[in-house]
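> what would the 3D arrangement of this be:
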Amino acid sequence: MYNRTNVRQSRTNTGWNKGPQNNFRRTRSRFTGERIDINRFISKVQAAKPVEIFRPKYAFDDFAISTALKRAIANRGFDTPTPIQDKAIPAIIAGHDIIGLADTGTGKTAAFLIPMIQKILTNHENKVLIVVPTRELALQIQEEFLALARRLSIFSVVVVGGANIRPQIQQLRSRHNVVIGTPGRIKDLLSRKVLNLSGFNNVILDEADRMLDMGFINDVRLLLSLVSPKRQTMLFSATFSSEIEKLTNQFLTNPERIAIKSGETAALIDQDIVRITGGKDKVEVLHDLLNQAQFEKVLVFTRTKHGADKLSKNLHARGFKSESIHGDKPHAKRQKALKMFKDNVIEILVATDVAARGLDIPNVSHVINFDLPATYDDYVHRIGRTGRADQKGIALTFV
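I've put the predicted structure just below:
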């Protein structure tokens, strides 16, 4: 169990249910998640084992892409293709439908953007629809697109919920080849007849498993039925569920399958539990942990939106630089909080599972599950925000 010093006794009523340990219920939110053996939250980083060094089959100069795009790739600091790029870029350029099993941080965004940009450069009649589950991921893809398409006279529009729809409508009326958006906002724009998908002949579903988890399956089916029947379709997912299999059978043609994942939690993450025994206050325990010097940049997960706001305000009142992020928070405030965390202006981001996938946040030292995740898959995605880019991370779960 994680070693804590001077953990204080409960002095105030924070509203959290302090039932028997291993009870996965919270009375106020009536949460009854999957029962997970708490031993699955404990895993120590093993001594490093020799691993086979990846040697890409291709260099970026080997790909059938324009000199200007190769220059943009070099300017991004990309030296050699990652495994997903090495396999996906030539397959997409060849026109194949793709099923890519890959996690965030494997370079998959560039893996599909590079061949799509090349496709547009070859024929400006090509149009690309990129569908993602969250506005943060849409904006993250937009940032990568702007860097790779700089000075290439190719334009994109981001359409996401929670943001003012009028500027998005105005941008759709200007010249563009790429639309990046969330399912709900895309449907809204379709109903307003300011977006017509019939001319889109390239479709990318990113974090497809997350979209299905969030209940977007019918929206995804609708969008795929409205794009051009003569299209290239690319589906990227962290897992391959039965629902994704159905999408594959319905909307992809002889897809090439590329798997760049082990299916295990990150090898560089130390995982442990923090027991909250009778009489202890969860917020006080968290306070004492965060006061320790090694807790430099911490992502704290709660189960509910209200819980995220409440905990963040509590921590702020205690002198910590903290912000919250969740689905009900206004778009501008979500982006501001995320940017402050990425830029190290704040040291703690309290979040719901909206931040568990898709986001690439550098140098997160700790992930803390203040509330238990609903499923073990959710746990894996949460803790995957640390231990990235060959850096060691620590994940702690309150039980």
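
> residues in contact with Met234?
Ile92, Asp97, Ile98, Gly100, Phe112, Asn202, Val203, Ile204, Leu205 (C-beta atoms under 8 Å, 6 or more residues apart in numbering). To be clear about C-beta, it is placed using only N, CA and C from the backbone, and glycine gets the same treatment.

> how about a cut-off of 7 Å?
Ile92, Asp97, Ile98, Gly100, Phe112, Ile204 (C-beta atoms under 7 Å, 6 or more residues apart in numbering).

> helix, strand or coil for it?
When classified by DSSP: H, G, I helix; E, B strand; the rest coil, Met234 comes out as strand.

> who does it form a beta bridge with?
Ile98, Ile204 (DSSP bridges).

> just give the number of residues close to Val399.
17 (other C-beta atoms under 10 Å).

> and if you look at Gln140?
21.

> what of Ala332?
Ala332, neighbours per other C-beta under 10 Å, totals 11.

> and it, what pLDDT?
pLDDT for Ala332: 83.

> rewinding a little: of the contacts of Met234, buried ones?
Ile92, Asp97, Ile98, Gly100, Phe112, Ile204 (16 or more other C-beta atoms under 10 Å).

> correct me, but the last one touches Phe112?
Yes: the pair Ile204 and Phe112 passes the contact test of C-beta atoms under 7 Å, sitting 5.3 Å apart.

> how does this structure divide into domains?
Annotated domains of the chain cover 25-43+265-398, 60-260 [automatic domain parsing].

> right, and the pair among the buried ones among the contacts of Met234 with maximum separation?
Across the buried ones among the contacts of Met234, the longest distance by C-beta to C-beta is 11.9 Å; it joins Asp97 and Phe112.

> returning to what we had before: ranking the domains of the chain by mean pLDDT, which is last?
domain 25-43+265-398 (a mean of 85).

> before we move on, back to that, got TSV for the domains of the chain, with distance to Ile53 too?
Listed next are the domains of the chain as TSV, based on distance: least, C-beta to C-beta, whole Å:
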stretch	distance to Ile53
domain 25-43+265-398	13
domain 60-260	11
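
> in the stretch 151-300 of the chain, which spans are strands?
Listed in chain order, the strands found in the stretch 151-300 of the chain under DSSP state E, counting those that start in this stretch are 156-159, 178-181, 202-205, 232-237, 256-260, 269-274, 298-301.

> columns distance to Val285 on top of those strands, output as TSV?
Converted to TSV, these look like this (distance: least, C-beta to C-beta, whole Å):
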stretch	distance to Val285
strand 156-159	40
strand 178-181	40
strand 202-205	40
strand 232-237	36
strand 256-260	38
strand 269-274	6
strand 298-301	12
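
> and of those strands, who's closest to Val131?
Checked against C-beta to C-beta, the stretch from the strands of the stretch 151-300 of the chain lying closest is strand 202-205, at 5.3 Å.

> what's the closest one packed up against?
helix 108-122, strand 128-131, strand 232-237 (3 or more C-beta pairs under 7 Å, 6 or more residues apart in numbering; DSSP states H and E).

> helix 108-122 and the following helix or strand past the second one, what's the angle between them?
Using DSSP states H and E, the helix or strand that directly follows strand 128-131 along the chain is helix 135-148. Inter-element angle recorded for helix 135-148 and helix 108-122: 50 degrees (by axes from the mean of the first three to the mean of the last three C-alpha atoms, to 10 degrees).

> residues in contact with helix 135-148?
Helix 135-148 is touched from outside by 72-73, 76, 109-110, 113-114, 117, 130, 132, 156, 158, 160-162, 178, 180-182, 206-207, 331, 334-335, 338, 358-360, with contacts defined as C-beta under 7 Å, 6+ apart.

> mind listing what's buried in that helix?
Arg135, Glu136, Leu137, Ala138, Leu139, Gln140, Ile141, Gln142, Glu144, Phe145, Leu148.

> now do the last one against Ile114, distance only.
Read it as Leu148. 7 Å (C-beta to C-beta, to the nearest Å).

> now for stretch 100-114, what's the gap between its first and last residues?
End-to-end distance for stretch 100-114, by C-alpha to C-alpha, to the nearest Å: 15 Å.

> hmm, who's touching that stretch?
65, 69, 73, 78, 82-85, 88-89, 92, 141, 144-145, 148, 204, 234, 236-238, 240, 258-261, 357-358, 360, 384, 388.

> flag every buried residue along it.
Buried-residue list, stretch 100-114, by 16+ other C-beta under 10 Å: 100-104, 106-114.

> now those in JSON lines, with distance to Asp343?
Output for the buried residues of stretch 100-114, formatted as JSON lines (distance: C-beta to C-beta, whole Å):
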{"residue": "Gly100", "distance to Asp343": "30"}
{"residue": "Leu101", "distance to Asp343": "32"}
{"residue": "Ala102", "distance to Asp343": "27"}
{"residue": "Asp103", "distance to Asp343": "24"}
{"residue": "Thr104", "distance to Asp343": "19"}
{"residue": "Thr106", "distance to Asp343": "24"}
{"residue": "Gly107", "distance to Asp343": "23"}
{"residue": "Lys108", "distance to Asp343": "24"}
{"residue": "Thr109", "distance to Asp343": "20"}
{"residue": "Ala110", "distance to Asp343": "22"}
{"residue": "Ala111", "distance to Asp343": "26"}
{"residue": "Phe112", "distance to Asp343": "27"}
{"residue": "Leu113", "distance to Asp343": "24"}
{"residue": "Ile114", "distance to Asp343": "27"}
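
> from those, pick the one nearest Leu315.
Thr104 (25.9 Å).

> which ones are touching the nearest residue to Pro255 once chain neighbours are set aside?
Excluding its sequence neighbours, the residue lying closest to Pro255 (C-beta to C-beta, 6 or more residues apart in numbering) is Asp97, at 4.1 Å. Contacts for Asp97 (C-beta under 7 Å, 6+ apart) come out as Gln232, Thr233, Met234, Leu252, Thr253, Asn254, Pro255.

> quick one: which of the residues you listed is most hemmed in?
Met234 (28 neighbours).

> no further questions, thank you.
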